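[1] From the sequence below, what's the structure:
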Amino acid sequence: MTAPPSSARRVAFAGLIGTTIEWFDFFIYGTAAALVFNRLFFPEFEPLLGTLASFATFAVGFVARPLGGVLFAHHGDRHGRKPVLVASLLLMGVATVLIGVLPTYGTVGVAAPLLLAVLRFAQGIGVGGEWGGAALMAVEHAPPHRRGFYGSWPQIGVPAGLLLGNLVFAALSAGLDEAAFLTWGWRVPFLCSGVLIGVGLLIRLRISESPVFQQAAREQPRTRAPVLDVLREHPRTVALAAGSFLATNATFYVGTTWIVAYATSSLGYERTTVLGANALLSFADIPLMLAFGLLSDRIGRRGMSMAGMAGLAVFAVPYFLLVDSGSIGLFLLGGVVVQLCRTAVYGPQSAYFAELFSTRFRYSGASLAYQLAAIFGGGLAPMICTALYGWTGSSMAIAGYVIAVCLISLGSGYLLTETYRRTLTEAPPTG
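    Below you'll find the predicted structure:
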């Protein structure tokens, strides 16, 4: 059962808007953690330790993501995708706006970083439930021969949210002096989230429930514990899917969070220049994701994803050599090559993960795989990079870390199966 094309397009667009808002909220925290949180919430620490502490609160959001994935996936597999998407957007919005009004260490002392960590945890819970719902709504509404393309639309929310966040921070950084930026300028993106959340809710309330979920709900009883069922019946698939996403997630946060701190504090790049460069790279992601999503409908998901992972491994050392050159042109060149490799994996991922699991626990299986990879690939990456650089003083240590996670993802992808010809109502093999 599939939705009419007009409905599929409307749901894909709604997924794009909703995920853009959610990821904007999630990513502006990473930028603020790289630029100001070490000074505002951890001023008693020396600079390196303050940056580590700041990135530790950043990682808290990733620890929370699987919990959010489990919580929202349970209800998404039992009660439908749409209500869960509305709830995740509300939670993310409230947490983000509260960060924007949070007092700093200078005002309330140690309570400030503790409250920051709590709100970051709430952000993680919200975004943990977001990806699975938005991805499945787009894929389950899509025509069978266009699941990769329609599934790539919610994926665009990641670069679009990062682009929007970087543009806002770049504008504030360029228009304000250092004192104003530290006092109130960094709060503006968090407070703007309140308006964006209202727009996202209005759009999400107008879309229809997944026709694939509705059909499954009519034809078979709903499982009482979908998360436990998918772990019992498909533990290997969950683990391999998570492993296959590890490198994509890690390299994304190395390039968008750690690199901002490294380039501005160690290499002498201007903060506004780096933020502007990352905004340009995020914009380049958008057509690449759509193209690779569409291509995966013709040639399959698995081989294309493995090619992207291999490319990330091969280019790791050249990338850091380009960044270390101090030239913003070479910085951008390296970023474009990385984006090309990474979007070959990320563009078709919504469709690929959806096709790996049957409808009765698809939300649970896809979300668990995605969010488990997010902890070890994304949340810990800036901390690992900071520690490795502090220990060795060389970006080549970071390149070695990137190669290691790419090899893990490449091996995991090799052990997965191709899925693009599988119907969404077809039960995948147990394992």
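[2] and the helix or strand where Gly293 lies, how far out from the chain's middle?
    Using DSSP states H and E, Gly293 sits within helix 271-299. Distance of helix 271-299 from its chain centroid, counting by Cα atoms, centre = their mean, to the nearest Å, is 14 Å.
[3] Ok, stretch 338-355 next?
    From the chain centre to the centre of stretch 338-355 is a distance of 12 Å (Cα atoms, centre = their mean).
[4] Just the mean pLDDT for it, thanks.
    For stretch 338-355, mean pLDDT is 94.
[5] Convert that stretch to CSV, retaining C-alpha atoms only.
    Taking C-alpha atoms only, stretch 338-355 is exported to CSV below (Å, rounded to 0.1, in the frame of the first residue of the first chain):
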residue,chain,number,x,y,z
VAL,A,338,34.6,14.5,2.3
GLN,A,339,31.0,15.6,1.7
LEU,A,340,30.9,13.7,-1.6
CYS,A,341,32.0,10.4,0.1
ARG,A,342,29.8,10.9,3.1
THR,A,343,26.6,11.8,1.3
ALA,A,344,26.9,8.6,-0.8
VAL,A,345,26.2,6.8,2.5
TYR,A,346,23.8,9.3,4.1
GLY,A,347,21.6,10.1,1.2
PRO,A,348,20.0,6.7,0.8
GLN,A,349,20.2,5.8,4.5
SER,A,350,16.6,6.4,5.4
ALA,A,351,15.5,3.9,2.7
TYR,A,352,18.2,1.4,3.5
PHE,A,353,17.5,1.2,7.2
ALA,A,354,13.8,1.1,6.7
GLU,A,355,14.1,-1.8,4.3
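[6] thinking again about what came up before, buried residues of the helix holding Gly293, list them for me.
    For helix 271-299, a neighbour-count test (16 or more other Cβ atoms under 10 Å) marks 271-279, 281-286, 288-290, 292-297 as buried. C-beta coordinates here come from the backbone N, C-alpha and C atoms, glycine included.
[7] what about stretch 174-185, start to end distance?
    One end of stretch 174-185 sits 11 Å from the other (Cα to Cα, to the nearest Å).
[8] do the same with stretch 139-151
    For stretch 139-151, the separation between the terminal residues is 5 Å (Cα to Cα).
[9] Can you give me the buried ones in that stretch?
    Neighbour-count burial for stretch 139-151 flags 139-142, 146-151 (criterion: 16+ other Cβ under 10 Å).
[10] mean confidence for the helix holding Gly293?
    The model assigns helix 271-299 a mean pLDDT of 90.
[11] counting contacts, what elements does the lowest-mean-pLDDT helix or strand in the chain pack onto?
    Within the chain, no helix or strand scores below helix 211-219, which has a mean of 79 by mean pLDDT, DSSP states H and E. Taking 3 or more Cβ pairs under 8 Å, 6 or more residues apart in numbering; DSSP states H and E as contact, the helices and strands that helix 211-219 lies on are helix 111-141.
[12] buried stuff in the helix it packs on?
    Per 16+ other Cβ under 10 Å, helix 111-141 contains these buried residues: 112-113, 115-117, 119-141.
[13] any idea of the angle that helix forms with helix 211-219?
    Between helix 111-141 and helix 211-219, the angle comes out at 80 degrees (axes from the mean of the first three to the mean of the last three Cα atoms, to 10 degrees).
[14] Listing request: residues of this structure with sub-threshold pLDDT.
    For the chain, residues meeting the criterion pLDDT under 70 lie at 1-6, 426-431.
[15] tell me which element the residue nearest the centre of it falls in.
    With distances taken as Cα atoms, centre = their mean, the residue of the chain nearest its centroid is Val158 (5.8 Å). Secondary structure from DSSP H and E places Val158 in helix 147-175.
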